[in-house]
Every structure is written in structure tokens, then in C-alpha cells.
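K.L.:
What follows is a predicted structure for the sequence shown.
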Amino acid sequence: MRGDEDVAIGARAFDLLDLLITCRDRVVARDEIMAAVWPDTVVGENNLNVQIANLRRVLGAGTIVTVPGRGLRFALEVSSANPLALELPDRPSVVVLPFDDLGGDPTLSWLVDGFVEEITTELSRFRDLFVVARNSAFAYRNMPRDLRVISRELGVRYAVEGSVRAAAERVRVTAQLIDAHTGGHVWAEVFDRDLVGHFDTQARVARAIVTCLAPQIDRAEAERIRTAAPQDLTAHGLALRGWSVVSAGDMAYEPAPRDKAAELARQALDLDPTSGLAWRVLAWVAWWNVYHATTHSVADTLAGGISAATNAIAADATDHHARRLRALLHFMNQNAEAGLPELRQAHEMNPNCAVTLAWLGLYEGFHGDAERGVSLAEAALRRSPRDPSRGSLLAALGFAQFAVRNYDAAAQAAEAALAEAAGSATPLILAAIAWVGAGRVDRAEAAFKKVEQIAPALVNARLSGRWLSSNPDYLARADMFFRIAAGLAPPDAADALR
């Protein structure tokens, strides 16, 4: 702009001007300029001279100073009183910046950009995230980074940075998540892998990073919106708050968190009836209300939940969360024929979601490939070892192990889940049946007494024969083992079923 007049310049001239302004406190070498303005392109230096001439013609001859033997420097004063800034999207936004190459084998330096591209692509599978395209992120290669400036220029809240050190047989990738608005450090992890098959290694490491990274963005975003006034939130913001509430309290027996989440979702739908996220919240609320027996009508709640999940899918057919929830509601409705294919589809849509992978492991154990179920649930924990939903992941693993009669492992998973979610009913239900299977009726009885105090309606539902699965073998064992834990059947009644 010159006053109110638009001044047209070419894209390369704009990139050059942007670079020189960003680095105005120093002389920028010509090689650095060529790498930043013409990335991954072989061009003659005359191209740079042409763009310098274009800028000098528009802005004045003294705008860009040539320092002989060193490079170029921007010479005008820069006012940042009204910087151009993009508004943040209505969902969590993230950019994966170029990673640093820490050396090692120079013939493997090309791996660095490959990791960034893979991570960007895999993050894009999470439909709740706004992910900046690779080309925009790579504009910040080889230049000083002020994350607050990048946040304004790209319209993102979070930035992923990292480094790669590659040798002939091993590669180490570090990644960290930064709140670009505040500069606050959110998460960091180091990934060491064997370098066997470069492209396969890139894909595996990228998936591992993304599986760990996405829940950390969710957790940081949930904490941020928790303090925002509801009247300041958009429909998506209200729905996002509802999702964080129901996710944080997913294994809680008391219905208060679910009631709050449903209220927020309905407020969002009042503003935007097509909000897929709000419909998804209602589906998740319905599932947990049926699970915990905190509903007056199981049939009506299941029907409403399936309808809500269907509306969420109609709003976004690629929403793997909504697919997973509709699958889980079908299972709860004793319709494994509809549930298992849809749950598999949810995993195929986003293989980086640890929660979906854990549920797939559980239901493969009940209704599909039982042996594969345990390995899938274990993979969910390996991929996201610090997942905020770790208690749920451990419980899913335990039920998958129960399905294949590995009772000791199921009991240990239950204890580990309790350590993550103390006082939750779900791990106690698992502990009660698993300890009977393992021959420790005393520990089963202790678990039953605790869960009876915490979740009496859930206990009554299980004693009446309503479980997560319609698998007859699982039902027979779970029902009898739970009755033994309750003191309603003799311990030797388990002998024929173990």
C-alpha cells in the first residue's frame, strides 16, 4: 500500500521484501536469500538482481543497501503499530515449522524436510485441527524465528519445532509444541528409531510424533477455553468446550460433566444447527450415559446418540471421531455387525488417533480377531504414552486381555488404569472380573465393594446382564465372574468358564 493506493509487486519480490524486513537488524547473505525465496529451486543470481531492482523502483533506490562481499540489508524504518495479522480460525490451529538439521550423515540431510512434510500430512487427518500448508511453513526456513510474528502472519496459535540427527543406522528426532501466542512450552518428546528403509522410517516416526502431539494440542486448547467467558465463544468454541468437558470426565460415574457438556453442545447448536462437533458431543454424552446407566431410557438414549453421531458425520464425512462414536453406540445397541466395520473405517480414516485404536483393540477382542485386539490396544499405549486419556486406553487393553483369557494381565491393566483415574468405575469393573479369572477372589470382592459405592446403577446394570458386548463367551464369563465378586455365586462356579 502507498496511502490508499494498491501497489502490485510479484510474488518473489514480496517474499524477498518480507525476508529483508524480518532480518532488518543484520546483513542477509545472498545464498540465504536464494534458499529462502527460491526454495528447492535452481535459479541464476540474475533472478535476485531483477527482484531487487523491482523493489528499489517501487520503494526508492535507498530501500535495499548492497553490502559488498556480504549481502543485502533493508534500510528503511519499519513501523509495526498496525501489523498485518490473520485472524485465528475457530478451531485449534498449528504450523509445523522446518526442523533443524543437526548433521550426522550429510547424505541423509534430505530426511529433515521429509519428516516435516509427513507430520504436516498426518496432523491434517485430525479434522478438529487447522493445519497450515507445508509451503507456507517452509517460507520460514533459514531465517530468525519470532513465533509471535509467525503466529500473526499465519493465523495460528500453536507451532511445532524440532530437529533431526540422522546417521547410517539410527535417527533421532526431537519435537516440541509451543503456544505461539504466549511463547509457553506445551510438550516435547525425543524419538529414536532404527534407520532401516528411509521412507518407512519417516512415516513411522511422523505417526509416532503426531499420535503424541494431537492430544497435547487438545489438552492445551481445553485449558485455554476453560477460562474464556461463554458469551465470548462462537458456536464452535462452545462445542469445543463441551468436547473437552465430556472427554475429561469420560469415565466419571457422576453425570454432572456430561450434563454440562450436553448443555454447551445445545447452546452451540442454537447458534449453528450444522455444528458437527456439537452433534459429536451429544453422541459421546449419550454413550457414557448408557454405559454408566445414568439414563431413564436406554433405548431412547441410544437412538438419540446414534442420530447425533449420524448428524455429525453428515456435517463432515471425514470426522473419524464421529465414526468411532457411532460404532460404539452400535455395539452398545448389540449391533456388532454395524459397529465393527464402522470402527475399522474410523481407524483407517485416522490411524494416528490412539483413542480410536484402543477401542478397535477392545472390540476386535470381542467380535473380530481376538488376538489382534490385544496388540492393537497395546499399540495405542505405545504410540501415545502420555495421552490425557491414558486411563481409558489401559482399561480398553485390560478388557481386550480379558477377552483372550489373559486374566493376570487384565487385572494389572485395571490396577494401572486406576492409578491414572482414581475412583473411576470402569477400571473397578474390570478389576472385579479379572481378579476372579486370575483366582484372586479376595481382590475381586474388594474391587466390587468399591465400585458398588461409586456407581450403584452401573453395578445393577452389570448384574442384570448388560455389558459392553453381545459376544456370548465374554458375556458368560463377565456375568458369572462379576456375580462371584459380588458374593452372589460360589467361587468354584468360575472353574468351568476360565
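P.N.:
Structure's in. What do you need?
K.L.:
what pLDDT does residue 84 get?
P.N.:
Here the pLDDT value assigned to residue 84 is 51.
K.L.:
next one: residue 105
P.N.:
69.
K.L.:
Please report phi then psi for residue 178.
P.N.:
Torsion angles at residue 178 (phi, psi; degrees, to the nearest 10) stand at phi -120, psi 140.
K.L.:
In contact with the nearest residue to it once chain neighbours are set aside, which residues?
P.N.:
Once flanking residues are discounted, residue 178 sits nearest to residue 159: 4.9 Å by C-beta to C-beta, 6 or more residues apart in numbering. (Each C-beta comes from the backbone N, C-alpha and C, glycine too.) Counting by C-beta atoms under 8 Å, 6 or more residues apart in numbering, residue 159 touches 94-97, 147, 150-151, 177-178, 180.
K.L.:
From those, which land in helices?
P.N.:
147, 150-151 (DSSP state H).
K.L.:
Out of the contacts of residue 159, grab the one that's most surrounded.
P.N.:
residue 96 (30 neighbours; other C-beta atoms under 10 Å).
K.L.:
Is it bridged to anything, and to what?
P.N.:
residue 160 (DSSP bridges).
K.L.:
repeat for residue 179
P.N.:
residue 158, residue 184.
K.L.:
before we move on, back to that, how much space between the residue nearest to residue 178 and residue 181?
P.N.:
10 Å (C-beta to C-beta, to the nearest Å).
K.L.:
Overlap in contacts, the two.
P.N.:
Joint contacts of residue 159 and residue 181 (C-beta under 8 Å, 6+ apart) are residue 151.
K.L.:
Please enumerate the strands of the chain.
P.N.:
64-67, 71-74, 93-96, 100-104, 130-131, 158-166, 170-179, 184-194 (DSSP state E).
K.L.:
mind putting the ones in helices among the contacts of residue 159 in TSV, distance to residue 457 included?
P.N.:
Shown next, in TSV, are the ones in helices among the contacts of residue 159 (distance: C-beta to C-beta, whole Å):
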residue	distance to residue 457
147	49
150	51
151	47
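K.L.:
Which of these sits closest to residue 110?
P.N.:
Distances from residue 110 to the ones in helices among the contacts of residue 159, taken as C-beta to C-beta, are shortest for residue 150 (24.1 Å).
K.L.:
what sits against the closest one?
P.N.:
Counted by C-beta under 8 Å, 6+ apart, residue 150 has contacts 95, 97, 140, 156, 159, 180.
K.L.:
Considering these, which member attains the minimum pLDDT?
P.N.:
The model is least sure about residue 140 among the contacts of residue 150, giving it 83.
K.L.:
From residue 471, how far out is that one?
P.N.:
Residue 140 is 52 Å from residue 471, where distance means C-beta to C-beta.
K.L.:
Comparing those two, which residue is more hemmed in?
P.N.:
residue 140 (22 against 18).
K.L.:
quick one: contacts for the more buried one?
P.N.:
97-98, 150.
K.L.:
Put the alpha carbons of stretch 167-177 into PDB.
P.N.:
Output of stretch 167-177 as PDB, limited to C-alpha atoms (Å, rounded to 0.1, in the frame of the first residue of the first chain):
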ATOM      1  CA  ALA A 167      23.300 -41.400  10.900                       C
ATOM      2  CA  ALA A 168      23.700 -44.500   8.800                       C
ATOM      3  CA  GLU A 169      21.700 -46.800  11.200                       C
ATOM      4  CA  ARG A 170      19.900 -44.500  13.600                       C
ATOM      5  CA  VAL A 171      17.900 -41.300  13.500                       C
ATOM      6  CA  ARG A 172      16.900 -39.100  16.500                       C
ATOM      7  CA  VAL A 173      14.000 -36.700  16.000                       C
ATOM      8  CA  THR A 174      13.000 -34.200  18.700                       C
ATOM      9  CA  ALA A 175       9.700 -32.300  18.500                       C
ATOM     10  CA  GLN A 176       8.200 -29.700  20.700                       C
ATOM     11  CA  LEU A 177       4.900 -27.900  20.800                       C
END
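K.L.:
what are the ranges of the helices in the stretch 351-498 of the chain?
P.N.:
Listed in chain order, the helices of the stretch 351-498 of the chain (DSSP state H, counting those that start in this stretch) span residues 354-367, 370-383, 390-403, 407-420, 425-437, 441-454, 456-463, 472-485.
K.L.:
Low-confidence stretches in the protein?
P.N.:
Counting by pLDDT under 70, the chain has low-confidence residues at 3-4, 79-85, 104-105, 108-109, 196-199, 226-233.
K.L.:
could I get the contacts of residue 150 as JSON lines with distance to residue 302?
P.N.:
Shown next, in JSON lines, are those (distance: C-beta to C-beta, whole Å):
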{"residue": "95", "distance to residue 302": "41"}
{"residue": "97", "distance to residue 302": "45"}
{"residue": "140", "distance to residue 302": "49"}
{"residue": "156", "distance to residue 302": "39"}
{"residue": "159", "distance to residue 302": "42"}
{"residue": "180", "distance to residue 302": "42"}
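K.L.:
of all the residues you listed, which comes closest to residue 395?
P.N.:
residue 159 (33.6 Å).
K.L.:
Distance-wise, check that closest one relative to residue 451.
P.N.:
Distance from residue 159 to residue 451, by C-beta to C-beta: 44 Å.
K.L.:
I appreciate the help and will end here.
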